[in-house]
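Colleague: I would like to see how this sequence folds:
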Amino acid sequence: MYFFCPHDRIRKNSSSGGIFYQLSSHILNLSGVVYGVTMSKDCYFAEFIRVETMEDLPLLMGSKYIQARIKDTYKKVKIDLENNKMVLFSGTGCQINGLKCFLQREYENLLCVDIVCHGVPSEKLWKNYVSYLEKKHGKLEAINFRYKENSTIKKNQMFVSKNEDPFMRMFLRDYCLRPSCYQCVIKDNKMSDITIADFWGIGDIVPEMNDGKGVSLVIA
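Modeller: Reported below is the predicted structural model:
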């Protein structure tokens with residue numbers, strides 16, 4: 001089954017084909033809430049936040065390739081579930097397994113969406129990289145990982161290309177992951193409901209789907 005996100009703007013701002021936006025907007029339209037990862041205002045770290053409006057949903061869109069701070073997110077998720085809210089929780093497989101272990105039981109009003117993950121770099125490495133960039137270009141105010149064009153820094157915003165940016169090249173070649181990621185025990189015991197990813201290489205498999213705007217891979 002092929003499904004195309006009807007809004008080119010959403011696909012352009014997504015890492016792939018916009019399926020996360022579609023799933024999240026459905027939950028929000030049911031008066032539910034979405035938990036996901038956003039970048040901090042200073043661009044130095046990633047963190048989980050709770051979103052309950054369509055206006056705030058773009059904060060969660062796009063990939064963030066560093067370990068995210070969870071803080072008290074699991075507690076907030078449990079409160080929402082106990083209040084019978086529909087909840088979409090998105091994260092890596094280990095973060096979802098952690099949530100399930102914390103909750104201690106299944107909830108019909110919980111949808112867990114993980115990403116195809118081969119590991120995450122540390123927050124410290126990313127922070128050092130941002131500091132290096134700011135010495136060259138000035139204060140950064142926004143980061144766009146997996147930018148679909150060439151890497152550039154424009155008006156205090158960094159657009160990261162997989163082919164040219166040194167941080168992304170290290171990440172994609174598995175040079176800078178957390179030690180535990182090299183021996184991940186979650187991939188054989190995932191507890192998520194849906195797995196999503198960027199379907200790079202779609203042009204080699206289903207060329208008619210490759211319009212250059214991004215395609216989502218979805219595994220139920």
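
Colleague: who's in contact with the lengthiest helix in the chain?
Modeller: Longest helix in the chain by number of residues, with DSSP state H as the criterion: helix 123-137. When contacts are defined by Cβ atoms under 8 Å, 6 or more residues apart in numbering, helix 123-137 is touched by residues 43-46, 66-67, 69, 140, 153, 156, 158, 167, 176. In this view, the C-beta of every residue, glycine as well, is placed from N, C-alpha and C.

Colleague: Now do that helix, average pLDDT.
Modeller: Averaging pLDDT along helix 123-137 yields 91.

Colleague: Would you mark the buried spots in it?
Modeller: Across helix 123-137, burial judged by 16 or more other Cβ atoms under 10 Å covers Glu123, Leu125, Trp126, Tyr129, Val130, Leu133, Glu134.

Colleague: Regarding the residue nearest the centre of the chain, which helix or strand does it belong to?
Modeller: Central residue of the chain (Cα atoms, centre = their mean): Ser63, 3.9 Å from the mean position. Counting by DSSP states H and E, no helix or strand carries Ser63.

Colleague: Surely it touches Ile196?
Modeller: No: with contacts counted by Cβ atoms under 8 Å, Ser63 stays clear of Ile196, the gap being 10.6 Å.

Colleague: just the strands in the protein please.
Modeller: Shown for the chain, the strands assigned by DSSP state E span residues 33-39, 46-51, 68-69, 87-91, 110-115, 142-144, 152-154, 157-159, 194-198, 216-219.

Colleague: Let me have the ones you listed in CSV, extended by mean pLDDT, mean neighbour count and distance to Pro207.
Modeller: Shown next, in CSV, are the strands of the chain (pLDDT from 0 to 100; neighbours: other Cβ atoms under 10 Å; distance: least, Cβ to Cβ, whole Å):
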stretch, mean pLDDT, mean neighbour count, distance to Pro207
strand 33-39, 96, 23, 32
strand 46-51, 97, 18, 34
strand 68-69, 96, 17, 35
strand 87-91, 97, 24, 29
strand 110-115, 96, 22, 25
strand 142-144, 81, 18, 27
strand 152-154, 52, 13, 28
strand 157-159, 70, 18, 27
strand 194-198, 91, 19, 17
strand 216-219, 88, 17, 16
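
Colleague: can you list those in CSV and add distance to Cys101?
Modeller: Below are the strands of the chain laid out as CSV (distance: least, Cβ to Cβ, whole Å):
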stretch, distance to Cys101
strand 33-39, 16
strand 46-51, 16
strand 68-69, 18
strand 87-91, 13
strand 110-115, 12
strand 142-144, 31
strand 152-154, 40
strand 157-159, 35
strand 194-198, 19
strand 216-219, 22
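
Colleague: quick one: which of those is nearest Ile27?
Modeller: Ile27 lies closest, by Cβ to Cβ, to one member of those: strand 87-91, at 4.4 Å.

Colleague: sorry, back to before: looking at the contacts of helix 123-137, spot the one nearest Cys117.
Modeller: Of the contacts of helix 123-137, the one sitting nearest to Cys117 (Cβ to Cβ) turns out to be Gln67, at 11.1 Å.

Colleague: what ranges of this protein fall below the confidence cut-off?
Modeller: Within the chain, the segments meeting pLDDT under 70 span 1-17, 146-156, 159-162.

Colleague: let's see 50
Modeller: 1-4, 150-151, 153 (pLDDT under 50).

Colleague: what is Gly33 paired to in the beta sheet?
Modeller: Small correction: residue 33 is Val, not Gly. Val87 (DSSP bridges).
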